[in-house]
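[1] Attaching a predicted model along with its sequence, questions to come.
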Amino acid sequence: MAVLVTGGTGFIGSHTVAELLSAGREAIVIDNLSNSKECVLDRIERITGKRPAFRKVDLLDPEGLERVFAEFPQIDSVIHFAGLKAVGESVSKPLLYYENNIFGTVNLCKAMEKAGVKRIVFSSSATVYGKPDSVPIREDFPLRATNPYGETKLVIERILSDIAAADPEWSVSVLRYFNPIGAHESGLIGEDPKGIPNNLLPYIMKVAGGKLPCLSVFGSDYHTHDGTGVRDYIHVVDLAKAHLCALDRAAAVKGTEVFNLGTGKGYSVLDIVAAYEKATGLKIPYRITDRRPGDIDECYADPAKARELLGWSAQYGIDRMCEDSARWQRMNPDGYGD
Ligand code: NAD
Ligand code: UFG
């Protein structure tokens with residue numbers, strides 16, 4: 001039996017494929033390489049001693065998807081990472097996001113249905129909670145997207161739960177990630193954003209590597225312990241491991257289940273800067289600037305449901321997250337290169 005991993009050469013996908021292979025599971029990867037590189041597969045092979053089958057397929061190509069299921073009849077479940085994820089870009093290019101993320105998922109589910117594969121683990125996001133009324137955030141909190149990217153996650157969650165409601169043979173596991181950072185301890189795989197990063201840790205890494213002069217800290221007047229925004233940072237390897245737990249759970253339980261994946265602890269921007277400085281011995285120059293539109297004060301998970309039903313909880317703290325990010329950055333100053 002094998003797992004089809006869409007978006008498997010991306011940041012979270014590559015770490016999950018490495019965990020799957022290390023656990024002795026077969027993984028088949030598809031990706032259109034719009035935000036990742038094929039050489040990631042070489043790195044996964046160096047880590048695990050195994051190379052996953054890879055097909056360059058776009059989710060917007062229904063025949064290409066059908067061909068993959070026909071070629072690999074051993075596929076019995078899907079982990080669905082593939083999608084576009086930049087919040088700002090989704091505001092300026094909403095149609096691109098609605099088409100890629102939503103149509104892509106519909107095509108995937110149709111191909112699954114045709115192949116008789118009815119088990120899916122989906123990458124959702126804490127962004128579906130919008131600005132929460134309180135923290136920590138539980139799965140039953142109200143859902144409200146505040147940008148087209150978040151809207152695609154909400155619509156896909158709904159599509160998948162409707163499919164499971166219509167056909168009791170389906171198992172849908174919706175995983176709402178908080179803020180994934182860190183990298184594999186080998187330093188061989190990590191996050192490699194194109195251009196100037198939008199997210200905090202990738203930006204700090206560019207400053208540490210001398211590629212950008214200074215971090216802008218977006219606002220110091222939030223209602224938090226030091227005035228800067230608080231988030232629930234989670235090590236990408238912890239996150240990857242949760243997908244194996246979700247697959248096991250989906251094999252045993254039909255219908256839709258939703259899980260928050262976070263540590264349950266919130267850290268501010270300045271806490272993360274301090275942790276990165278501690279991990280590297282480097283000074284990260286920063287200046288306080290205006291708030292970034294749409295940002296919220298605090299966002300962190302109540303991860304109790306994942307602990308109870310998946311038997312999963314995060315093992316790594318922010319020091320380890322920063323050490324592993326820094327190792328990836330040192331060993332790959334230009335990411336995966338050209
Ligand atoms: P990523 O961009 O590194 O990986 C996504 C992969 O999907 C890329 O390799 C890209 O080439 C591929 N892809 C995009 N559209 C495709 C298409 N139409 N057909 C085939 N492949 C396609 O992103 P990531 O950080 O690994 O995120 C994985 C998933 O987790 C995404 O769905 C993202 O929305 C979600 N998520 C990420 C975060 C985060 O902060 N990284 C937080 C919450 C949720
Ligand atoms: N920040 C800065 N300077 C930067 C970048 C970020 O101060 O250059 C701050 C932000 O204001 C925020 C914190 O660092 O307080 C984290 O920002 P990120 O952009 O790293 O992450 P977000 O919490 O804004 O959003 C991320 C993903 C979303 C996802 C969300 C919840 O980008 O896609 O986590 O999972 F929806």
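    All right, it came through fine. Numbers count the residues shown, from 1 in each chain. Ligands and ions are numbered 1, 2, ... in the order given.
[2] so what pLDDT did whichever residue of the stretch 1-150 of the chain sits closest to ligand 1 get?
    Residue of the stretch 1-150 of the chain nearest ligand 1, by C-beta to the nearest ligand atom: Gly10 (2.0 Å). The way it works is simple: take the backbone N, C-alpha and C, and place the C-beta from them, glycine included. pLDDT recorded at Gly10 is 98.
[3] isn't it right next to Ser34, touching?
    No - if you go by C-beta atoms under 8 Å, Gly10 and Ser34 don't touch, sitting 9.5 Å apart.
[4] quick revisit: next up, the contacts around the residue of the stretch 1-150 of the chain closest to ligand 1.
    Asp31, Asn35, Ser36, Phe81, Ala82 (C-beta atoms under 8 Å, 6 or more residues apart in numbering).
[5] which residue sits closest to the first one, ignoring its sequence neighbours?
    If I follow you right, that is Asp31. Thr9 (4.5 Å; C-beta to C-beta, 6 or more residues apart in numbering).
[6] Please report the number of neighbouring residues for that neighbour.
    29 (other C-beta atoms under 10 Å).
[7] SS state for it?
    coil (DSSP: H, G, I helix; E, B strand; the rest coil).
[8] Tell me, how many residues neighbour the closest residue to ligand 2 within the chain?
    Relative to ligand 2, the nearest point of the chain is Gly229 (2.3 Å; C-beta to the nearest ligand atom). Other residues near Gly229 number 24, with proximity taken as other C-beta under 10 Å.
[9] Go ahead and confirm it touches Asp271.
    No - checked against C-beta under 8 Å, the pair Gly229 and Asp271 is beyond contact range at 10.5 Å.
[10] where does Ser34 fall, helix, sheet strand or coil?
    Ser34 ends up coil, using three-state DSSP.
[11] tell me the contacts of it?
    Leu84.
[12] Against Phe122, how distant is it?
    19 Å (C-beta to C-beta, to the nearest Å).
[13] cool, Gly219 as well?
    32 Å.
[14] who has more neighbours, these two?
    Phe122 (25 against 18).
[15] Just give the number of residues close to Glu323.
    Per other C-beta under 10 Å, the neighbour tally for Glu323 reads 19.
[16] If you could redo that for Asn332, that was the one I meant.
    Counted with other C-beta under 10 Å, Asn332 comes out at 18.
[17] So it is in contact with Gly190, correct?
    Yes - when contacts are counted by C-beta under 8 Å, Asn332 is listed as touching Gly190 (6.8 Å).
[18] need the residues of the stretch 101-250 of the chain near ligand 2, please.
    For the stretch 101-250 of the chain, the residues found near ligand 2 under the criterion C-beta under 6 Å from any ligand atom are 125-127, 177-179, 198-200, 203, 215-218, 229, 231.
[19] any idea how far ligand 1 is from the closest residue to Ile196 other than its chain neighbours?
    Spatially, and ignoring its direct neighbours in sequence, Ile196 is nearest to Leu212 (7.2 Å; C-beta to C-beta, 6+ apart). Applying C-beta to the nearest ligand atom, to the nearest Å, the value for Leu212 to ligand 1 is 19 Å.
[20] any idea which element Gly150 lies in?
    In the assignment (DSSP states H and E), Gly150 maps to helix 148-166.
[21] actually Leu65, not the one I wrote
    Using DSSP H and E, the element containing Leu65 is helix 62-71.
[22] Check Asp133 too.
    Using DSSP H and E, no helix or strand contains Asp133.
[23] now do Val121
    Counting by DSSP H and E, Val121 is part of strand 119-125.
[24] residues in contact with that strand?
    With C-beta under 8 Å, 6+ apart as the criterion, strand 119-125 contacts 7, 12, 76-81, 83, 105, 109, 112, 149-150, 153, 156-157, 160, 170-177, 243, 246-247, 250-251, 258.
[25] Now the buried members of those.
    Neighbour counting by 16 or more other C-beta atoms under 10 Å classes 7, 12, 76-81, 83, 105, 109, 112, 149-150, 153, 156-157, 160, 170-177, 243, 246-247, 250, 258 among the contacts of strand 119-125 as buried.
[26] Also near ligand 1: which of the residues you listed, exactly?
    Within these, those near ligand 1 by C-beta under 6 Å from any ligand atom are Gly7, Ile12, Phe81, Gly83, Tyr177.
[27] Would you mind listing the residues in contact with the third one?
    Read it as Phe81. Val5, Thr6, Gly7, Gly8, Gly10, Ile12, Gly13, Thr16, Ser123.
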